[in-house]
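Asker: Predicted structure and sequence below. I'll ask about it afterward.
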Amino acid sequence: MMRRIAASAVNFLPKGPSGFLSVVEVEGSRSSAIRCLLSSEAGGGRFQKTSTGLVGLAVDRNGVENLLNANRAILEKIRDVPETSQFRINVEQVSNYRIKVIEENPEDADLIEEMIDCGQIEELVEQAKDELGLIDVYVRERVWESIEQRDHEANLVYDAAKSS
């Protein structure tokens, strides 16, 4: 992922424990938020994110692990929906893809974000939590039954129109 140091902003930011705080703008990403990064001597000079740049969404130091666990929980919970439900099929495809990306790149949150292309790790964790809540509603209300009924009625109308 290409990064550009916003040098003009660096002079106005407070210094961090390792001597400096810099602003990095992420280019070529859906999220154009400016992220604040703090240099980390313990991390071999790598930068650690100190802000998501999104109000109300804190940095999750265990974001990759939390995203992996949330997607595994989604796959567990979606089993309550019939296998033939298109909702289940779609949810399983998305979660399986995200798990695959995470397992192939467990140490590279930037690459995970880029490959999934739906926001920062912290946003992806929030999306997964929302999906878990939606699955609860879907199961409680047995939504697939009303969809199956609607599809059946639509097929009857289509067949009647086709035969006349």
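Answerer: Perfect, thanks for sending it.
Asker: Do you have the strands of this structure handy? List them.
Answerer: Ranges of strands in the chain, per DSSP state E, are 3-5, 21-26, 34-39, 47-49.
Asker: give me the number of residues near the nearest residue to Gln86 once chain neighbours are set aside?
Answerer: Among residues not flanking Gln86 along the chain, Ile147 sits closest, at 7.9 Å (Cβ to Cβ, 6 or more residues apart in numbering). Just so you know, the C-beta spots here come from the backbone N, C-alpha and C atoms, and that holds for glycine as well. Using other Cβ atoms under 10 Å, Ile147 has 13 neighbouring residues.
Asker: Distance check, the most centrally placed residue in the chain against Gln149.
Answerer: Central residue of the chain (Cα atoms, centre = their mean): Leu124, 2.1 Å from the mean position. Counting by Cβ to Cβ, to the nearest Å, the gap from Leu124 to Gln149 is 34 Å.
Asker: Check Gly133 too.
Answerer: Distance from Gly133 to Gln149, by Cβ to Cβ: 24 Å.
Asker: Correct me if wrong: Asn66 contacts Ala73.
Answerer: No: contact between Asn66 and Ala73 fails when scored by Cβ atoms under 8 Å: they sit 10.3 Å apart.
Asker: Per-residue pLDDT of Glu141, please?
Answerer: Looking at Glu141, its pLDDT is 95.
Asker: typed the wrong thing, it's Asn11
Answerer: On pLDDT, Asn11 comes in at 40.
Asker: so where is the chain shaky, pLDDT-wise?
Answerer: 1-47 (pLDDT under 70).
Asker: and with 90 instead?
Answerer: Applying pLDDT under 90 to the chain flags the ranges 1-50, 146-164.
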